[in-house]
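Enquirer: turn this into a structure:
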Amino acid sequence: MENMDLIEAIARLSRMMRRRGNEKETLELSHMGHHVLRIIKDHDGICATRLAELAGVRPASITESVNRLEKLGYVVRRTDDEDSRVKRICITDKTREHIEAHTKVKQERNEKMLSCLTKEEADEFLAICNKLYAFMEKEEW
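Expert: Predicted coordinates for the structure are as follows:
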């Protein structure tokens, strides 16, 4: 593992986290489904175009995700009061319950994973991750 480069290490860690996460959760929702639900919860009544921007994906991908979430009962589409051409995406009670349960599981996993690091190591790791994210977000590479 000494020769592992940064991208490989990040990809390996990401795969392990997803694999372990999927072992403990229902597979009804994908990682993307959870991500989209959190955005909709924070921006209830959002339109699909804005949701795609916030999720960092193409509008067609958001349409697929929202269709799936709607079919599973997590969201509903409502016609905008001022412009009948616009559909607003709103959460349901099922979403509120799901996010509450998912947040608890996520917090438990976070605590368990960080238990192998000191507070200083965890803080430094988080700072490095945020720095890499900010760099990648603004740079073409």
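
Enquirer: what's the helix or strand where Met17 lies in contact with?
Expert: Here Met17, judged by DSSP states H and E, is contained in helix 6-24. For helix 6-24, contacts defined as CB atoms under 8 Å, 6 or more residues apart in numbering pick out Met4, His31, Val105, Arg109, Met113. Quick note: C-beta positions are derived from backbone N, CA and C, even for glycine.

Enquirer: what does stretch 75-85 give?
Expert: Here stretch 75-85 has contacts from 37, 40, 45, 47, 66, 69-70, 86-92, 95, using CB under 8 Å, 6+ apart.

Enquirer: filter these down to the buried ones, ChimeraX style.
Expert: Restricted to buried positions by 16 or more other CB atoms under 10 Å, the ChimeraX selection for the contacts of stretch 75-85 reads:
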select :37,40,66,69,89,91,95
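
Enquirer: just the ones of the contacts of stretch 75-85 in strands?
Expert: If you go by DSSP state E, these have Cys47, Lys87, Arg88, Ile89, Cys90, Ile91 in strands.

Enquirer: give me the pLDDT for the second one.
Expert: Here, the pLDDT recorded for Lys87 equals 94.
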